[in-house]
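>>> Fold the following and give me the result.
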Amino acid sequence: MKLHDNSRFEGVFVVPRAIANLLKSHRLIDVSGSVVGLPDLQEDCPGRLPQQACQQISPHTPTAKFRRHRQVQKLPLVFRHRAGNQEARDALAADRHPEVILRVLGNIPPGSLRTGCLDSRNFVQIAWLAAADSCHIGLIMHVLLPLFLFLAQPFWEAKPPERWSSQEISLLRSNSPWAQVMGPEPGVLVYFATARPIEEAEGELRLRTKNALREPDPDYLTYLSENRDQHFVLAIPYDKVNVLEKAEELRKMEEESVMMIGRKTYKIIGHFPPTPSDPVLRLVFSREVQPSDKKVVFRLYVPGVDFPEREAEFQVKELLYHGKLEM
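Take a look at the predicted model:
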């Protein structure tokens, strides 16, 4: 191998070169400060060897391969045999570069000058050296991960109520962790009227559009202010005001409407009937659900509808709002 006058190396590299006065070759060490390029390398043979003999020495020398930042990853040498005597070792020791000495004496082909002598069985060394190449990936993920988490959050967690769109408010009140439609058809909507996200959604509707949503009955609001910590309210939009005047229907609703947590069953404590100005049936239950519970099931009797026996199931872990259980 021969180097042009303008050749440069980054770090230390081994260049085999035959010395005319000796029948054996020395592996010498050249130190420089730039990058080796393919145009800078060409085959060369000692003057005492014919051209044909030089070609027979390395007829299939593979080409060099570039890696990141134009570093030479694999640059095979023409002479692959070990140094034949102590003089070759002395030439290497002159620059005292231990990695290069190990490569030449151990007949290890030089790798990337930056990564050093990689031992394929030394996984700790490989991981440490690979970290330099992938550190930018870690930096990018450090910046993007909070964005991914932000985008993965539902809108009620990612934005304050005043930034919820009308469609989002409608979705929150009809199809969310706090609201669902009980089958079969015709579906019956049920939602947690005392859950904070539901109350904030209703508050936004009242602020944005006049008469879009009327205030609940004053007696109901007074009851909530005194019992919110002990009770919660499950609400059903209900325009059949006269149905609940039937004693038999009212009795079935009070006896058959229950809340189930695991194997425990709790009956409703009471209810607030719908009114013409506030057509919502509100069922009052005791706050027995804990964040550690898996689910809560409501089996309800809804008077005046087809198939009055309905069931709604809520996953407790999904009822968290800003880290707090809301029902």
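>>> In what element of secondary structure is Y266 found?
strand 264-267 (DSSP states H and E).
>>> what are the pairing partners of that strand, and which direction each?
strand 258-261 (antiparallel) (DSSP bridges).
>>> buried set for the helix or strand where L205 lies?
If you go by DSSP H and E, L205 is part of helix 196-208. For helix 196-208, the neighbour count (16 or more other C-beta atoms under 10 Å) marks 196-198, 200-202, 204 as buried. C-beta coordinates here come from the backbone N, C-alpha and C atoms, glycine included.
>>> In JSON lines: the residues you listed, plus pLDDT and distance to E248.
Output for these, formatted as JSON lines (pLDDT from 0 to 100; distance: C-beta to C-beta, whole Å):
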{"residue": "R196", "pLDDT": "97", "distance to E248": "37"}
{"residue": "P197", "pLDDT": "98", "distance to E248": "36"}
{"residue": "I198", "pLDDT": "97", "distance to E248": "31"}
{"residue": "E200", "pLDDT": "97", "distance to E248": "38"}
{"residue": "A201", "pLDDT": "96", "distance to E248": "35"}
{"residue": "E202", "pLDDT": "94", "distance to E248": "33"}
{"residue": "E204", "pLDDT": "94", "distance to E248": "40"}
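>>> out of those residues, which one sits closest to G323?
Closest approach between those and G323, by C-beta to C-beta: R196, at 11.7 Å.
>>> list the contacts for the closest residue to that closest one other than its chain neighbours?
Leaving aside its sequence neighbours, R196 sits nearest to E326 (C-beta to C-beta, 6 or more residues apart in numbering; 4.8 Å). Taking C-beta atoms under 8 Å, 6 or more residues apart in numbering, we find E326 in contact with 178, 192, 195-197, 319-320.
>>> In these, find the pair that's most separated.
Most distant of those, by C-beta to C-beta, are F192 and L320, 12.6 Å apart.
>>> which of these two has more neighbours?
More crowded of F192 and L320, by other C-beta atoms under 10 Å: F192, with 22 against 13.
>>> wait, isn't the more buried one in contact with E199?
No - F192 is beyond contact range of E199, at 9.3 Å (criterion: C-beta atoms under 8 Å).
>>> I'd like the distance between Q180 and P160.
24 Å (C-beta to C-beta, to the nearest Å).
>>> same check, this time on L213
19 Å.
>>> same deal with E168?
12 Å.
>>> On the three-state scheme, I169 is what?
Following DSSP: H, G, I helix; E, B strand; the rest coil, I169 is assigned to helix.
>>> Please give the number of neighbouring residues around it.
22.
>>> Show me the helices in this protein, by range?
For the chain, the helices defined by DSSP state H cover 51-57, 86-93, 98-105, 123-152, 155-158, 166-174, 196-208, 218-227, 247-256.
>>> quick one: pLDDT of the closest residue to L224 other than its chain neighbours?
Spatial nearest neighbour of L224, excluding adjacent residues (C-beta to C-beta, 6+ apart): T194 at 6.8 Å. According to the prediction, T194 has pLDDT 98.
>>> And T194, how close does it get to E326?
Taking C-beta to C-beta, one finds T194 at 8 Å from E326.
>>> domain assignment for the protein?
2-105, 121-152, 159-325 (automatic domain parsing).
>>> mean pLDDT lowest for which of those?
domain 2-105 - the lowest mean pLDDT of the domains of the chain, at a mean of 47.
>>> Please report the distance of the closest residue to V181 other than its chain neighbours from R214.
Closest residue to V181 apart from its sequence neighbours, by C-beta to C-beta, 6+ apart: G187 at 3.9 Å. Distance, G187 to R214, by C-beta to C-beta: 23 Å.
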